[in-house]
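Colleague: Next comes the sequence, and after it the predicted model I'd like to discuss.
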Amino acid sequence: MQQVFEAKTHAHSLREPDALRDCTPTDVVGSTPREAVQVTLLGMAVDVLLGAAKIVAGSVSGSHALVADGVHSFSDAVTDIMVIIMMRYSRQPPDNDHPYGHERFETLGTVMMGCLLVAVSLRLALDNIRAWLEGSSAIETGWLAVTIAILSIASKEWLFRYTKRVGEQIRSELIVSNAWHSRTDAISSAIVLIAIVGASAGLEWLDFVAAIAVAAAIGKIGLGMALDNIKELVDTAIAPDKRSRLLTLMEQHPMLDNVHSLRSRRMGKKYLVECVVDLPGHLTIQEGSGVIEEVRAKVMSVFPEIREFSLRVEVSPTR
Ligand SMILES: [Zn+2]
C-alpha cells in the first residue's frame, strides 16, 4: 500500500488563533490567570497559619488528632506551592527541547508530591499507633484545641466558598477542585473537633482513631495523585469505550475505508491519538486532504480531550 500523505493537527499550536480563541482562559498555553495564583497563595497562607496553630495547640493540649490535622495543613501548603510552580512552568509553549509542550513536568511533579504525601501519611499513622499502644495522658487545656479546631473549620469553609467562586469565574478546573479539597479539610477538622471533645470527656481512644483517620486521608490523596499520573507517564491509552466510539465516528465518513492501527496516549489532561485510514485511489491529493480535514474537525469537536490527532493515509485496495 502506498502512503499518500500525512496530516497532523496541533489543537493548541500558536499558529492556530481560532483554536486558541475557543479555549477556556486556563487552557491557553503560556498564560496563568492572576486570580488563580492569588487565590492559591491565599489558600497557602491559611494552611501555613492553621498548620502552625494546630501543631502548637495539639502539642500543648495533648491532642494527637489536632497535631495530625496540622501536618495535613502543612502538606496542603506544599501542594499549593507546587500548583503555582506547575501552573507557571507546565503551561510554557512548546520549544525545541520540548516540542510536545511542558505538561509532563506537572505530571512528574505530581507523582513526586503524591509519594511524599504517602510517606507523611505512613509516618503519621505509625507514630499514632505506637503512642496509642504505649498509652498516653489525657487531653489537657481542651479549650485551646477546641478553639483552633473551630477556627480551622470556619476558615476552611470560607476558603472553599471563595475559591470555588473564583474558580468558576475564571473557568479553572484545577482551582475548583482545590476548592473542594478545602471543603474536605473542613470536614476533617470537624471530625478532629468531635474527637477532642470526646477525648476530653474520657474517651481517649477517639483522639487516636481521628489522628489515624486523618493520616489515612492524607495517604489516600497522595496515592490518588501518584497512581493517576504514573498511568500517564507509562503511556496509558484512551479508555476502550472512547476508543470504539472514536473508531465508529470515523467509519461513518463515506470516503473512509478501513480505519486501523489506532494508537493513543495521555499527555497532561489530554490525549495524543494517531491512526491509519484508507482512501479511494481516484481522489486527488486536494480531495483526500479535504476528507482528512473533515474527519479531523469532526473528531476534535466530539472529543475535546484529544489534543493532537495524526492521520496517516493509505490507498484503499478495494476502490
Ligand atoms: Zn487537605
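Modeller: Arrived safely, thanks for sending. Numbers count the residues shown, from 1 in each chain.
Colleague: need the residues of the protein near the ion, please.
Modeller: Residues of the chain lying close to the ion by Cβ under 5 Å from the ion are Asp76, Asp185. (C-beta placed from N, C-alpha, C; glycine too.)
Colleague: so where's the chain uncertain?
Modeller: For the chain, the stretches with pLDDT under 70 are 1-32, 136-138, 319.
Colleague: excluding its backbone neighbours, what's nearest the closest residue to the ion within the stretch 101-250 of the chain?
Modeller: Of all residues in the stretch 101-250 of the chain, Asp185 sits closest to the ion, at 4.2 Å by Cβ to the ion. The shortest distance from Asp185 to any non-neighbouring residue, by Cβ to Cβ, 6 or more residues apart in numbering, is to Lys156 (4.5 Å).
Colleague: ok, now Leu272?
Modeller: In space, and not counting its chain neighbours, Leu272 is closest to Glu308: 4.7 Å by Cβ to Cβ, 6+ apart.
Colleague: List the residues that contact the residue of the stretch 101-250 of the chain closest to the ion.
Modeller: Applying Cβ atoms under 8 Å, 6 or more residues apart in numbering to Asp185 gives the contacts His72, Ser73, Asp76, Ser152, Lys156.
Colleague: Please convert these to TSV, extending it with secondary structure, neighbour count and distance to Lys220.
Modeller: Output for the contacts of Asp185, formatted as TSV (DSSP: H, G, I helix; E, B strand; the rest coil; neighbours: other Cβ atoms under 10 Å; distance: Cβ to Cβ, whole Å):
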residue	secondary structure	neighbour count	distance to Lys220
His72	helix	27	12
Ser73	helix	23	17
Asp76	helix	24	14
Ser152	helix	28	20
Lys156	helix	25	18
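Colleague: Quick check on Thr141: phi, psi?
Modeller: Phi and psi for Thr141, reported as degrees, to the nearest 10, are phi 40, psi 50.
Colleague: For the residue nearest to it when sequence neighbours are not counted, the count of nearby residues, please.
Modeller: Among residues not flanking Thr141 along the chain, Ser61 sits closest, at 4.7 Å (Cβ to Cβ, 6+ apart). Residue neighbour count, defined by other Cβ atoms under 10 Å, stands at 24 for Ser61.
Colleague: Identify the residues contacting Ser61.
Modeller: Neighbours of Ser61 in contact, by Cβ under 8 Å, 6+ apart: Ile139, Glu140, Thr141, Gly142, Leu144, Ala145, Ile196.
Colleague: so the fourth one touches Ser200, yeah?
Modeller: Yes. Judged on Cβ atoms under 8 Å, Gly142 makes contact with Ser200 at a distance of 3.8 Å.
Colleague: Looking at these two, which one has more neighbours?
Modeller: Comparing Gly142 with Ser200 by other Cβ under 10 Å, the one with more neighbours is Ser200, at 21 against 17.
Colleague: Packing partners of the strand or helix carrying Ala154?
Modeller: Element membership for Ala154 (DSSP states H and E) is helix 142-169. Taking 3 or more Cβ pairs under 8 Å, 6 or more residues apart in numbering; DSSP states H and E as contact, the helices and strands that helix 142-169 lies on are helix 34-61, helix 64-89, helix 173-200.
Colleague: Between helix 173-200 and that helix, find me the angle.
Modeller: With axes from the mean of the first three to the mean of the last three Cα atoms, to 10 degrees defining the directions, helix 142-169 sits at 160 degrees from helix 173-200.
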